[in-house]
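In: show me how the following folds:
(one chain, ligands or ions: 1)
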Amino acid sequence: MSAIIELTDASFGYGRRPVLTGASLTVERGEVVAVLGPNGAGKSTLMKGILGLNHRLGGMVTLFGTPADELRDRARIGYVPQRHTLSSSVRATAEEIVESGRLPRLGWHGRLRATDRQIVCRSLDLVGLADRAGTEVSTLSGGQQRRVLIARALAGQPDVLIMDEPTAGVDAASQHVLADVLGRLVERGVTMVIVTHELGALRSLLSRIIVVDRGRIVFDGDRERYAARRGLIHHDHDSHHHDLELTPPPGAVVHGPLDPFDPRGRTP
Ligand SMILES: Nc1ncnc2c1ncn2[C@@H]1O[C@H](COP(=O)(O)OP(=O)(O)OP(=O)(O)O)[C@@H](O)[C@H]1O
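Out: This is a model prediction of the structure:
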């Protein structure tokens with residue numbers, strides 16, 4: 001069976017400016033991959049690159065065995081963007097928001113049928129918000145809104161869920177609830193790529209860890225290998241990254257030739 005995501009020497013950026021270069025990686029069905037790295041390293045750029053939301057400046061992206069540009073069924077990839085909560089001006093219930101995630105799956109008639117409604121209910125249930133279906137989202141907490149957005153992505157029945165910092169900016173209690181939600185998805189075999197600053201409660205769920213630093217993938221391995229190499233990782237306490245701020249450790253996976261450009265050296 002083909003890999004869900006396959007990048008071969010891929011470079012992504014904005015306009016013609018490269019931000020992440022020489023990225024090669026494969027995500028197989030059922031894997032749960034964390035993407036770690038300091039602020040501005042290029043983690044979101046990597047996610048957006050996979051989704052085709054920025055410019056690919058080189059290399060190949062293959063999704064479900066098809067070159068990304070030729071993939072018709074975009075709904076196969078669920079995406080929960082970074083720092084995304086719902087605006088207080090959104091007047092919709094949790095259920096209505098989750099229903100909107102079902103739109104790409106509706107037939108020509110464009111109406112929700114009984115099976116669609118069941119999927120919407122199940123998605124809300126999976127994120128622990130079944131009892132809030134009729135609640136206005138603007139009255140929900142930040143953590144609950146994030147869960148509504150995860151449910152919206154799930155309602156599209158994606159083959160892979162890409163989440164950019166699902167636990168960022170929510171309180172500790174909500175972080176644990178979110179980790180439980182992700183745990184339930186792992187039990188169901190949902191393939192996930194999760195950008196995160198802290199492995200924290202997610203650690204036990206992960207099958208692989210990828211580290212991005214200064215626009216390069218500098219580590220790609222399982223939890224054991226990551227734990228073994230962590231000692232080689234240099235901590236920077238000025239950063240709000242609790243897990244790491246690193247320079248490429250010896251033997252790290254660095255694809256392609258070293259790149260002279262350093263995104264952090266640039267003026268915004
Ligand atoms: N839309 C954009 N247009 C131009 N440059 C951008 C854009 N988005 C990000 N960048 C630049 O790309 C670089 C990497 O940013 P990116 O958001 O990918 O990092 P990140 O690792 O996700 O950081 P963080 O942990 O802070 O979210 C930064 O220098 C940033 O300024």
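In: how far is the strand or helix carrying Pro18 from where the chain is centred?
Out: Per DSSP states H and E, Pro18 falls inside strand 17-27. Strand 17-27 has its C-alpha centroid displaced from the chain centroid by 15 Å (CA atoms, centre = their mean, to the nearest Å).
In: tell me the buried residues in it?
Out: Pro18, Val19, Leu20, Thr21, Gly22, Ala23, Ser24, Leu25, Thr26, Val27 (16 or more other CB atoms under 10 Å). Where you see a C-beta, it was placed from the backbone N, CA and C, and this is true even at glycine.
In: any idea how far the fifth one lies from Leu57?
Out: Here the distance between Gly22 and Leu57 works out to 11 Å (CB to CB, to the nearest Å).
In: which helix of the chain spans the most residues?
Out: The longest helix of the chain (DSSP state H) is helix 172-187.
In: which strands or helices does it pack on?
Out: Helix 172-187 is packed against helix 114-126, helix 142-155, strand 191-195, with contacts defined by 3 or more CB pairs under 8 Å, 6 or more residues apart in numbering; DSSP states H and E.
In: what's the first helix or strand after the second one?
Out: Counting by DSSP H and E, the element after helix 142-155 in chain order, helix or strand, is strand 160-164.
In: doesn't Pro104 make contact with Ala75?
Out: Yes: using CB atoms under 8 Å, Ala75 is in contact with Pro104, at 3.8 Å.
In: looking at the two, which one has more neighbours?
Out: Ranked by neighbour count (other CB atoms under 10 Å), Ala75 and Pro104 place Ala75 first, with 17 against 14.
In: pull the number of nearby residues for the residue nearest to Arg184 when sequence neighbours are not counted.
Out: Closest residue to Arg184 apart from its sequence neighbours, by CB to CB, 6 or more residues apart in numbering: Leu126 at 5.8 Å. Here the number of neighbours of Leu126 (other CB under 10 Å) works out to 19.
In: tell me where this structure has strands.
Out: Assigned by DSSP state E, the strands in the chain fall at 5-14, 17-27, 32-36, 55-63, 66-67, 77-80, 160-164, 191-195, 208-213, 216-221.
In: just send those strands back as JSON lines, with mean pLDDT and distance to the ligand too.
Out: Output for those, formatted as JSON lines (pLDDT from 0 to 100; distance: least, CB to the nearest ligand atom, whole Å):
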{"stretch": "strand 5-14", "mean pLDDT": "96", "distance to the ligand": "3"}
{"stretch": "strand 17-27", "mean pLDDT": "95", "distance to the ligand": "4"}
{"stretch": "strand 32-36", "mean pLDDT": "95", "distance to the ligand": "8"}
{"stretch": "strand 55-63", "mean pLDDT": "95", "distance to the ligand": "10"}
{"stretch": "strand 66-67", "mean pLDDT": "94", "distance to the ligand": "23"}
{"stretch": "strand 77-80", "mean pLDDT": "91", "distance to the ligand": "14"}
{"stretch": "strand 160-164", "mean pLDDT": "93", "distance to the ligand": "7"}
{"stretch": "strand 191-195", "mean pLDDT": "94", "distance to the ligand": "6"}
{"stretch": "strand 208-213", "mean pLDDT": "94", "distance to the ligand": "6"}
{"stretch": "strand 216-221", "mean pLDDT": "93", "distance to the ligand": "12"}
